[in-house]
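K.L.:
Test case, fold it:
(one chain, ligands or ions: 1)
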Amino acid sequence: MEGIELLKKWIDESDNIVFFGGAGVSTESGIPDFRSVDGLYNQQYDYPPETILSHTFYMRKPEEFYRFYRNKMIAKDVKPNRAHLALAKLEAEGKLRAVITQNIDGLHQAAGSREVLELHGSVLRNYCTRCGRFYGLDAITGSEGVPVCSCGGTIKPDVVLYEEGLDQETLQKSVDYISRADVLIIGGTSLTVYPAAGLIDYYRGRKLVLINKDVTPLDKRADLVITGKIGEVLGEVCGINQEEK
Ligand code: APR
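P.N.:
Below is the predicted model:
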């Protein structure tokens, strides 16, 4: 049975699907990923982006950090694509339990998904490092240089930088969903960044689906590998056409 047909069958038969995704889920919304040939990490900067997006760099060169962060990490006027919409539809139909994402763009929630576990945080959440006050994205996009709270403290995005730990509760909930999942669909991720990529090891079922444009280290472990654009694949499988939203 052709990959798409088998995926359709597994989705039709299940009410316990979990999705695990990365930057490749948002490229069809116009947001570049990190490690594709045209990805963020393959563009030229004074320092490697992974260096800029680290806790050390944030502490030592905050002006440069925020310049890069505003220019490259905040996507303006982007909309959910068919992958986001398909996953929201599967959740609404009671088939998908959770979306676990490494992305920080908030597009899954914008598409209508409710149970979204953001392993690496979100650009939509920002906090004062001194008084803890919450700020929205406009506190960053509407300011210059290092954003400052009314109390004088620095406002920091709720985004996990290199050298920083992931939120323990989000990790635990992700492990619970994956360990109980009937079907685990992984898509749009190179599965190279830990601990996120390590969560896959908790899956105990026999319906591990990988939808990706390039090969990943997990291809041989998957029960079904579909090579292609995840927006097109999930759009076709879930009946989301191009025009919607
Ligand atoms: N459809 C399917 N796959 C796609 C698409 C698409 N439209 N576009 C890109 N891809 C694939 C690429 O082939 C690549 O394998 O998605 C993958 C994206 O991999 P990365 O760029 O490494 O992104 P990701 O896996 O999310 O990176 C993980 O690295 O820098 C950190 O915190 C950052 O969350 C990020 C983490």
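
K.L.:
how far away is the closest residue to Tyr135 other than its chain neighbours from Lys61?
P.N.:
Leaving aside its chain neighbours, Tyr135 sits nearest to Asn126 (4.2 Å; criterion: CB to CB, 6 or more residues apart in numbering). C-beta here means a position set from N, CA and C on the backbone, and glycine is covered the same way. Going from Asn126 to Lys61 by CB to CB, to the nearest Å gives 19 Å.

K.L.:
Look at the two and report which has more neighbours.
P.N.:
Neighbours per residue, other CB atoms under 10 Å: of Asn126 and Lys61, the larger number sits with Asn126, 22 against 16.

K.L.:
pretty sure the residue nearest to Tyr135 is touching Asp138, no?
P.N.:
No - the criterion here is CB atoms under 8 Å, and Asn126 misses it with Asp138 at 9.4 Å.

K.L.:
can you give me the helices for the chain?
P.N.:
3-13, 49-52, 55-60, 62-68, 82-92, 107-110, 138-141, 168-180, 230-238 (DSSP state H).

K.L.:
Neighbours of the residue nearest to Arg133 when sequence neighbours are not counted, how many?
P.N.:
Of all residues beyond its chain neighbours, the one nearest Arg133 is Cys149 (5.7 Å), with distances taken as CB to CB, 6+ apart. Counted with other CB under 10 Å, residues neighbouring Cys149 total 19.

K.L.:
separation between the one residue sitting closest to the centre of the chain and the ligand?
P.N.:
With distances taken as CA atoms, centre = their mean, the chain has Asn103 as the residue nearest its mean C-alpha position (2.3 Å). The gap separating Asn103 from the ligand is 6 Å, by CB to the nearest ligand atom, to the nearest Å.

K.L.:
Contacts only, for that residue.
P.N.:
21-23, 25-26, 118, 120 (CB atoms under 8 Å, 6 or more residues apart in numbering).

K.L.:
Can you name the residues that contact the closest residue to Arg82 other than its chain neighbours?
P.N.:
Leaving aside its chain neighbours, Arg82 sits nearest to Gly235 (3.2 Å; criterion: CB to CB, 6+ apart). Gly235 sits next to 82-83, 85-86, 241-242 when contact means CB under 8 Å, 6+ apart.
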